[in-house]
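A.B. asks: Sequence first, then the predicted structure:
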Amino acid sequence: MANELQPLSLLFQNRLFRIPDYQRGYAWLQPQLVDFWDDLINLQQGRYHYIGLLSLKPLGTKETKDWGSDLWMVDKGFKACHIVDGQQRLTTFVILLNEIICFVRELDENRGKKDDEIVLGYDTLKDVVAKYIYQSRPPVYQITTYLFGYEVDNPSANYLRYKIFGEPYSGSVNETYYTKNLKFAKKFFRKNLTALYETEGMDGISNIYLKLTRDLMFNIHEIDDDYDVFMAFETMNNRGKKLTNLELLKNRLIYLTTLYTDEEFDEMEKAHLRKQINDAWKEVYFQLGKNKNISLSDDEFLRAHWTIYFTYSRKKGNDYIRFLLDKFSAQNIFKKKTALMSEMPEDYIIDEDYEEDDVSCERGQETIEVSKLASTEIADYVKSLKNMAKYWYDTFFPNQSENLTKAEQIWVDKLNRIGIGYFRPLVTVIISRRDFKAKERVEAFKAIERFIFICFRLGNFNASYCSSEYYRASRCLYLKEMELEDLVSDIIETTDINIEYALPNFVTKIEKCFSQGGGFYYWNPIRYFLYEYETSLAQKNNIDRIGSWEMFTKTEKDKVSIEHILPQTPSKYYWQNQYRQFTDEEKEMLAGALGNLLPLSQSVNSSLQNDSFHDKKITKAGRRGYENGCHSEIEVAGNSEWTAEDIYARSKKLFRFMETRWGFSLNKEQMDRLIYVSFAVDGREIPAEIPVRTEDSV
């Protein structure tokens, strides 16, 4: 076992590094890269900096037999190694080294020069590439072997080769969450090298190269053949940037494939299962990282799949990963159970006059000891994990889905906008059941959306209300132990039963919002509700175009997307005169009334909110007028003025829409308390108009 301090220049002497299949992809983000770069920049010349432990597992002929065209380097005398711990740091070093090479090569002073004519530090660029990046097999030089890379074919392996190292390639390279990190690191170092060159010139670049290869010291630790490398990996990685549970589980499953006896599971079957695991994780990471703007959580997917695949019990935190690691454990490989070599026929009749011992003797069955955890259980689990990943992705990005019809996309999108919560595993299963008709799935999504709106958005029920029931339903549906029709009926019935509790809660919540001075503007689902009303107007007008949901929700600094028609601070003459019969407190209530809130198809500067109603209706510099806006704006623009009676009437209209859209009825008292501004139509006497003063703005 080697255990010594070595710089990169010694580390790369006659070694061939491969990241094994049980390792995570590249996980360093900007904070880690910034710390690394700062350490490198601030390291004084002639000083050494300890960079941490690098654990390597030397590989024999048996372990490298599938390396194909890279084996010539082993024959040449290079020592093949798996990186057990430290791959994040070593990957970072290699990316930076490669960027230094590319940067120096592209300098104006080096254009047209060959690598053996360019000097970096005290080496030619040709020597640097051969020592740290790749070598080509003589005499034809058609086979290129990289000194550092991934052992198996996966998106990270291809991305590193073709996008980071820049090897020419005509095919497409899939991007995942981990390849995005590789790409970011490459850009990060290029940006900082450029800045360094601008201030310190080529001397600065050479100094960075020398520090990187000469002054940063690894503690090299080589693991003996009989050392449990998989368990070492778990232990070591839990010291630093912690493994995600999905990464931890992959390592565990691959480890388990090595423990079965050849009698139970021969080498060919073990290799096949290992490939199934790698293929499953490759697909999962592809799906989780498929959207280049938003990467999906590893652990959230694993937890959801656990809910779907295994019997659900109400547990907290990371209990699900403890369950999985207990289920897929070495103990369950070594723990044996007795199995019959041949099963008795189902119609076999035992004479009840026999004693139990006699029966056993009569059967005379041969038995064999097999592992408690069958290899087929691992295979079935990873197959399910692989299959469900694409449907999990569909629940987040329905509009990109190839598995959903347009109607399904619309309703899954609604679920995301309203807040899908704990229903995501259930929705995933519903999408995965391709034996369901699209219409049946839509009905299920509608029922779930209504449940969420009434129980959570109106009723403010606890966020976990009925979660256990619908987690269990996701598994029953997955195992085809439940009909979708029965599930939909249950959700509808549960929702209907809870309406009588949800509505009083809603009234109480809104009254609290008014007491806080915001009214319906403080009601969190207001944007969702107003957008649904906007959708209904588009359908009523038989117009497909609907204002962008993003425009209804995205609020830039100093801009608004939900406008108070009567402003919250109605200082201009128009509003002062129009609402002169009301106190300041009443005007505040009217401003927060549901009927006074309007979604804008284009966010406007907050300074324009106090414009008169006439100015808001017409398009002018700085804002698009209501008359040219979304359907809701056009509807409001039909009013000649904007009075308290108009606010009251529109509030009532919106509540009637709410009743129809989500299938419930408000009684008169509830309606009055929700409208909240009944004083708007109390018939009070209206004072004479306020005189227009020179300083007043119309």
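C.D. replies: It's in. Numbers count the residues shown, from 1 in each chain.

A.B. asks: where does residue 640 land in three-state SS?
C.D. replies: Here residue 640 is recorded as coil under DSSP: H, G, I helix; E, B strand; the rest coil.

A.B. asks: State the distance from it to residue 64.
C.D. replies: 83 Å (CB to CB, to the nearest Å). C-beta coordinates here come from the backbone N, C-alpha and C atoms, glycine included.

A.B. asks: List the residues that contact the closest residue to residue 70 other than its chain neighbours.
C.D. replies: Spatially, and ignoring its direct neighbours in sequence, residue 70 is nearest to residue 145 (4.6 Å; CB to CB, 6 or more residues apart in numbering). By CB atoms under 8 Å, 6 or more residues apart in numbering, the residues touching residue 145 are 16, 69-70, 72-73, 134-137.

A.B. asks: Buried among those residues? Make that a PyMOL selection.
C.D. replies: A single PyMOL command selects the buried members of the contacts of residue 145 (16 or more other CB atoms under 10 Å):
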select buried, resi 16+70+73+134+135
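
A.B. asks: May I see the contacts of residue 145 organised as CSV, with pLDDT, secondary structure and distance to residue 280 added?
C.D. replies: Shown next, in CSV, are the contacts of residue 145 (pLDDT from 0 to 100; DSSP: H, G, I helix; E, B strand; the rest coil; distance: CB to CB, whole Å):
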residue, pLDDT, secondary structure, distance to residue 280
16, 94, strand, 27
69, 87, helix, 27
70, 89, helix, 25
72, 92, helix, 32
73, 91, helix, 30
134, 93, strand, 30
135, 93, strand, 34
136, 91, strand, 34
137, 91, coil, 34
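
A.B. asks: farthest-separated two in the contacts of residue 145?
C.D. replies: Greatest spatial distance in the contacts of residue 145: 16 and 136, 14.3 Å, computed using CB to CB.

A.B. asks: picking that back up, among residue 640 and residue 64, which residue is more densely surrounded?
C.D. replies: Between residue 640 and residue 64, counting by other CB atoms under 10 Å, residue 64 is the more crowded of the two (17 against 10).

A.B. asks: doesn't residue 79 make contact with the more buried one?
C.D. replies: No - the criterion here is CB atoms under 8 Å, and residue 64 misses it with residue 79 at 10.5 Å.

A.B. asks: quick one: low-confidence ranges for the protein?
C.D. replies: Residue ranges of the chain with pLDDT under 70: 1-3, 153, 170, 225-242, 312-318, 335-371, 542-560, 603-608, 622, 693-698.

A.B. asks: could you pull out the strands for it?
C.D. replies: Assigned by DSSP state E, the strands in the chain fall at 3-7, 15-19, 49-58, 79-85, 119-120, 123-124, 134-136, 144-146, 148-150, 216-222, 336-340, 367-371, 559-564, 597-605.

A.B. asks: could I get those as a markdown table with distance to residue 273?
C.D. replies: What follows is these, written out as a markdown table (distance: least, CB to CB, whole Å):
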| stretch | distance to residue 273 |
| --- | --- |
| strand 3-7 | 34 |
| strand 15-19 | 20 |
| strand 49-58 | 21 |
| strand 79-85 | 19 |
| strand 119-120 | 46 |
| strand 123-124 | 45 |
| strand 134-136 | 32 |
| strand 144-146 | 28 |
| strand 148-150 | 20 |
| strand 216-222 | 28 |
| strand 336-340 | 19 |
| strand 367-371 | 13 |
| strand 559-564 | 52 |
| strand 597-605 | 54 |
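
A.B. asks: Looking at the ones you listed, spot the one closest to residue 270.
C.D. replies: Closest approach to residue 270 among those is made by strand 367-371 (12.9 Å; CB to CB).

A.B. asks: Which one, of the strands of the chain, ends up nearest to residue 195?
C.D. replies: The nearest among those, by CB to CB, is strand 119-120 at 18.5 Å.

A.B. asks: Please name the residues that touch the residue lying closest to residue 424 once chain neighbours are set aside.
C.D. replies: Residue nearest to residue 424 in three dimensions, not counting chain neighbours: residue 395, with 5.3 Å by CB to CB, 6+ apart. Residues in contact with residue 395 (CB under 8 Å, 6+ apart) are 412, 415-416, 420, 424, 427-428, 431.

A.B. asks: Check residue 597 too.
C.D. replies: Counted by CB under 8 Å, 6+ apart, residue 597 has contacts 520-521, 526, 530, 562-565.

A.B. asks: any chance of the residues you listed in CSV, plus neighbour count and distance to residue 33?
C.D. replies: As requested, these are exported to CSV (neighbours: other CB atoms under 10 Å; distance: CB to CB, whole Å):
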residue, neighbour count, distance to residue 33
520, 24, 45
521, 18, 42
526, 19, 40
530, 22, 42
562, 17, 39
563, 23, 42
564, 20, 45
565, 23, 49
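
A.B. asks: how about these, which pair is most distant?
C.D. replies: The most widely separated members of the contacts of residue 597, counting by CB to CB, are 526 and 565 (14.1 Å).

A.B. asks: wait, doesn't residue 425 sit right on residue 306?
C.D. replies: No - here residue 425 does not reach residue 306: they are 9.1 Å apart, not a contact under CB under 8 Å.

A.B. asks: picking that back up, figure out which of the strands of the chain is closest to residue 496.
C.D. replies: By CB to CB (comparing all of those), the closest turns out to be strand 597-605, at 28.5 Å.

A.B. asks: neighbours around residue 457, how many?
C.D. replies: When counting by other CB under 10 Å, one arrives at 21 neighbours for residue 457.

A.B. asks: can you pull the contacts of residue 117?
C.D. replies: Neighbouring residues of residue 117 by CB under 8 Å, 6+ apart: residue 124.

A.B. asks: From residue 399, how far off is residue 406?
C.D. replies: Look at residue 406 and residue 399: by CB to CB, they are 9 Å apart.

A.B. asks: Give the residue from those two that has the larger number of neighbours.
C.D. replies: residue 399 (12 against 9).

A.B. asks: Buried residues, stretch 48-62. List them.
C.D. replies: Under the neighbour-count criterion of 16+ other CB under 10 Å, stretch 48-62 has 51, 53-57, 59 buried.

A.B. asks: Mind putting the residues you listed into JSON lines with distance to residue 290?
C.D. replies: Converted to JSON lines, these look like this (distance: CB to CB, whole Å):
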{"residue": "51", "distance to residue 290": "34"}
{"residue": "53", "distance to residue 290": "34"}
{"residue": "54", "distance to residue 290": "32"}
{"residue": "55", "distance to residue 290": "32"}
{"residue": "56", "distance to residue 290": "33"}
{"residue": "57", "distance to residue 290": "32"}
{"residue": "59", "distance to residue 290": "33"}
